[in-house]
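Asks: sequence and predicted structure below; questions after.
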Amino acid sequence: MSWIRETELRLIERLTANILKAGPMPKHVAFIMDGNRRYAQKKHVERKEGHTQGFDKLAETLRWCLNLGIHEVTVYAFSIENFKRSREEVDGLIELARQKFSRLLTEKENLEKHGVCIRVLGDLTLLPEDLQQLIAKAVVSTRAHNKCFLNVCFAYTSRHEIANAVKEMAWGVEQGLIKSSDVSEGLLSQCLYSSNSPNPDLLIRTSGEVRLSDFLLWQTSYSCLVFQSILWPEYSFWNLCDAILQYQLSSQSLQKARDLHKEDQVLQQMEADRTCVTELLHHHGNGKPMDAQSQETMLLNYIASREERVRCFLNALQHKRDTFINDLSSQAVIA
């Protein structure tokens with residue numbers, strides 16, 4: 001099945017969508033697509049068929065999201081923890097991924113028509129080399145699209161992502177691009193795999209499980225979390241509408257919490273900058289007191305130099321990541 005199903009909403013669905021869109025709508029929705037294995041057991045089919053049905057449901061859900069004006073979707077496709085499953089199931093999931101990313105490369109016109117940019121978030125080095133190359137080819141081929149975004153978390157856990165972000169900042173310090181004093185909560189956020197995306201407004205988990213399973217732990221601190229009992233392959237447009245309604249009921253309080261957090265971050269950064277300037281005065285001053293205006297000028301100069309260091313570091317980090325993906329893409333052999 002295509003990555004995006006070419007189906008229109010029925011009349012009652014269009015009416016419902018228009019009513020929902022009169023209220024605050026999530027711009028970015030994340031899905032933990034849980035229940036594929038239980039669906040297979042329920043239908044007395046092989047697990048592989050359950051996962052295939054799960055992908056087909058993703059294609060359908062993406063179309064619903066586009067019809068609802070939701071232009072960014074993140075899905076938990078394959079956890080690093082999934083490698084602990086049986087060899088047969090892991091091989092089946094990897095083969096399904098090969099098939100779907102190969103299919104994606106044949107759908108360039110459809111993806112271009114909808115402006116879909118595919119991003120894959122995770123540690124690709126954990127995957128077979130041919131799958132790495134297919135994924136990289138898909139990412140590069142849709143990189144210029146900017147109407148809507150699909151982030152596929154593959155070989156991913158949030159703890160792994162956060163640990164990797166810390167390593168990236170350590171690399172920046174080792175390379176002399178940033179100072180250890182430049183490390184902050186805000187900088188760590190910009191070093192995550194998801195740094196090119198806003199945090200999700202709404203996270204949905206199906207199958208009745210009430211846990212995040214190490215998915216987007218950093219990014220969903222101020223997201224609306226909705227847990228639904230439906231198995232993922234049975235997910236419906238109405239389940240999505242129900243989740244959006246729950247988001248709308250809590251959107252005002254969530255936005256207030258986000259705004260307060262942003263204010264706290266600004267204050268914390270300002271306090272950290274003042275501390276650094278005070279230490280510089282202590283270590284490099286000539287013993288003479290500095291007037292308030294001179295101190296403020298020094299603070300502003302320090303902030304400007306820090307921001308420039310961080311900007312150069314983030315550009316270097318993006319270049320490193322792009323080079324990795326470009327090199328993999330150039331090696332891809334498409335059957």
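Replies: Nice, thanks for sending it over. Residues are numbered from 1 along each chain as shown.
Asks: just the pLDDT at residue 298, thanks.
Replies: Per-residue confidence for residue 298 comes out at a pLDDT of 88.
Asks: pretty sure it is in contact with residue 277, am I right?
Replies: Yes: using Cβ atoms under 8 Å, residue 298 is in contact with residue 277, at 5.6 Å. Quick note: C-beta positions are derived from backbone N, CA and C, even for glycine.
Asks: contact partners for residue 14?
Replies: Applying Cβ atoms under 8 Å, 6 or more residues apart in numbering, we find residue 14 in contact with residue 67.
Asks: just say helix, strand or coil for residue 322.
Replies: At residue 322, secondary structure determined by DSSP: H, G, I helix; E, B strand; the rest coil is helix.
Asks: which one's more surrounded, residue 298 and residue 277?
Replies: Higher neighbour count among residue 298 and residue 277: residue 277, with 18 against 15, using other Cβ atoms under 10 Å.
Asks: how close does that one get to residue 308?
Replies: Using Cβ to Cβ, to the nearest Å, one gets 16 Å for the distance from residue 277 to residue 308.
Asks: cool, residue 213 as well?
Replies: Look at residue 213 and residue 308: by Cβ to Cβ, they are 39 Å apart.
Asks: the two: who's more crowded?
Replies: When residue 213 is set against residue 308 and neighbours are counted by other Cβ under 10 Å, the residue ahead is residue 213, at 14 against 10.
Asks: and the more buried one, what's its pLDDT?
Replies: The confidence metric pLDDT takes the value 97 at residue 213.
Asks: repeat that for residue 286.
Replies: According to the predicted model, the pLDDT of residue 286 comes to 59.
Asks: in terms of secondary structure, what does the strand or helix carrying residue 249 contact?
Replies: Here residue 249 sits within helix 237-284, counting by DSSP states H and E. The elements that helix 237-284 packs onto, with contact taken as 3 or more Cβ pairs under 8 Å, 6 or more residues apart in numbering; DSSP states H and E, are helix 11-20, helix 47-67, helix 185-190, strand 202-205, strand 224-227, helix 292-331.
Asks: in JSON lines, list these along with distance to residue 145.
Replies: Output for the helices and strands packed on helix 237-284, formatted as JSON lines (distance: least, Cβ to Cβ, whole Å):
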{"stretch": "helix 11-20", "distance to residue 145": "23"}
{"stretch": "helix 47-67", "distance to residue 145": "13"}
{"stretch": "helix 185-190", "distance to residue 145": "22"}
{"stretch": "strand 202-205", "distance to residue 145": "23"}
{"stretch": "strand 224-227", "distance to residue 145": "27"}
{"stretch": "helix 292-331", "distance to residue 145": "15"}
